[in-house]
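**Q** Just the structure for this:
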Amino acid sequence: MPRQTRQDKNSSTGKKQRTSHTKSRMGCLACKRRHIRCDENYPQCQNCTKRKVECPYRDKLSRGELLLQASPGNTPFKPCCRPWSAKSRAQAKQWKRTGSMPVSDDHIRITLQPTIYSEYDLCFIYLAASNQQRLTKMGFLPSSINCLISFFRIASSCRLAMNGVLALSAYHIASVTHCQHARRKEYQYQMLAIQDLGRCLSNLGPENADGALVASMALLWLCEDMSSRGQIAAGISAILQTCQGLGHQSAFCRMIAQAWRQTAHLHTTPKLECGDTNGLQHIIAEMRKFEEILEEHEPDDDTWRQLRLLIALAEDLIKVEPSTPADKQFERFRLLRYYKLWLPLNDLLTDKDLSSILMVNAYLHAVALYTPPQTSQAYMIDLGVNLPSLLNETLRQIRPVEPYVRLLDELKVILSPM
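**A** From the prediction side, this is the model:
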């Protein structure tokens, strides 16, 4: 007697035939997670349109389109929006009126005179300090802000350094809020820092060397073209050499000099696995496994999206060779620098699933470490500042929750030769 199929059983019992799940597998991730049928309209399916959310389509964009979409220069800005909350503005007003810094933290010492700064300036300073305080309490120090404690101390008495700090804060706020006003203020602060730095370097001495280093590091992080990055990196090296000749040995100068030497050594010393793309390919394979886990456990969409963008970037970095045009090399490493500086900070401040966020951050730092050495030119030297210690700290902070234990151990094995 022939075996009765499921369809035959359903037909014989009068039950409605079960529909295929092809649509759920091929449709957007939001429909898949809600276990509903997706009409597969691109770029926005009907279900996501009804819910007024962005449709997180899977495998619809090519690697190049993903990278282009993620580039900070391609993000549309909102002409009319407030770059900070009403609470932040009220705190800045109170600071200007009373002279008392709203952030009370022994590690963050900002002893400036608020009356000489505008309300906008104080808002940017307050937001940078409050973010630093939150991350310090959490025990995390992303590389874009792990120098800010020293930055604040120096900037309190040096307007040159303060303009660099303000530019960093405005850039970060613009990258999160897409506010056109914050982006304009970032450019203004950068121009002020460049002008003041030029005057400072013509008469460099122990009294202004730390301020020049703060402004130079900020400008290096924010620079968006290859030639300017090379000039600023050369300028930082010259400042450090001048400080050594003058006998200037402040704690901040020693910290930057040590990190600079470690980075140069990291980029010029051959490493196991790092001379070819094997290590990067292993990391990509691990990220693919983690991507499946994120989908299975229904994480926050942003974490999954950031991981997918990082995978696309890592796959693109493998193809970068010495013969690749310099502008294309720089564009990929500019995007890597953008990821490394801002994504860990943005995600950690969301108060969401820290284990998932930290795993993505660990993969991000690992990708930066395994970048092919022939593409790590002097103008990208800041990519490696404090990177090994930052990666180790990130791995230490990840809680060994059950879904991540195996992947965490495998990542540590890949990184063990370094």
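**Q** so where is the stretch 201-350 of the chain shaky, pLDDT-wise?
**A** For the stretch 201-350 of the chain, residues meeting the criterion pLDDT under 70 lie at 262-276, 297-301, 337-350.
**Q** Contacts only, for S416.
**A** Residues near S416 by CB atoms under 8 Å, 6 or more residues apart in numbering: none. All C-beta atoms are positioned from the backbone trio N, CA, C, and that covers glycine.
**Q** for G247, phi and psi?
**A** Backbone geometry at G247, expressed as degrees, to the nearest 10, gives phi 80, psi 20.
**Q** That one: how many residues sit nearby?
**A** G247: 7 surrounding residues under other CB atoms under 10 Å.
**Q** Next: the one 3 residues further on.
**A** The local packing of S250 (other CB under 10 Å) involves 15 other residues.
**Q** F152 now?
**A** By other CB under 10 Å, 26 other residues sit near F152.
**Q** and it, what helix or strand is that in?
**A** helix 148-155 (DSSP states H and E).
**Q** Three-state assignment for V405, please.
**A** Look at V405: counting by DSSP: H, G, I helix; E, B strand; the rest coil, its state is helix.
**Q** Same check on P322?
**A** Going by three-state DSSP: P322 is coil.
**Q** number of nearby residues for it?
**A** P322 has 8 nearby residues by other CB under 10 Å.
**Q** domain ranges for this structure?
**A** Annotated domains of the chain cover 21-60, 86-268, 278-415 [automatic domain parsing].
**Q** one step back: please spell out which residues along the helix holding F152 are buried.
**A** 148-155 (16 or more other CB atoms under 10 Å).
**Q** same check, this time on stretch 157-170
**A** Neighbour counts over stretch 157-170 (16+ other CB under 10 Å) mark 158-170 as buried.
**Q** tell me the two of those that are most distant?
**A** Greatest spacing in those, by CB to CB: C158 and A170 (18.1 Å).
**Q** W304 against L29, yeah?
**A** Yes: with contact defined as CB atoms under 8 Å, W304 counts as touching L29 (7.2 Å).
**Q** got any ranges where the stretch 1-150 of the chain has weak pLDDT?
**A** 1-27, 42-43, 56-82, 104-109, 138-148.
**Q** which stretches of it form helices?
**A** 6-13, 22-26, 29-34, 46-51, 63-70, 86-98, 119-138, 148-155 (DSSP state H, counting those that start in this stretch).
**Q** Who are the contact partners of the spatially closest residue to T115 that is not a sequence neighbour?
**A** The shortest distance from T115 to any non-neighbouring residue, by CB to CB, 6 or more residues apart in numbering, is to K96 (6.7 Å). K96 makes contacts with 114-115, 117, 119, 122, as judged by CB under 8 Å, 6+ apart.
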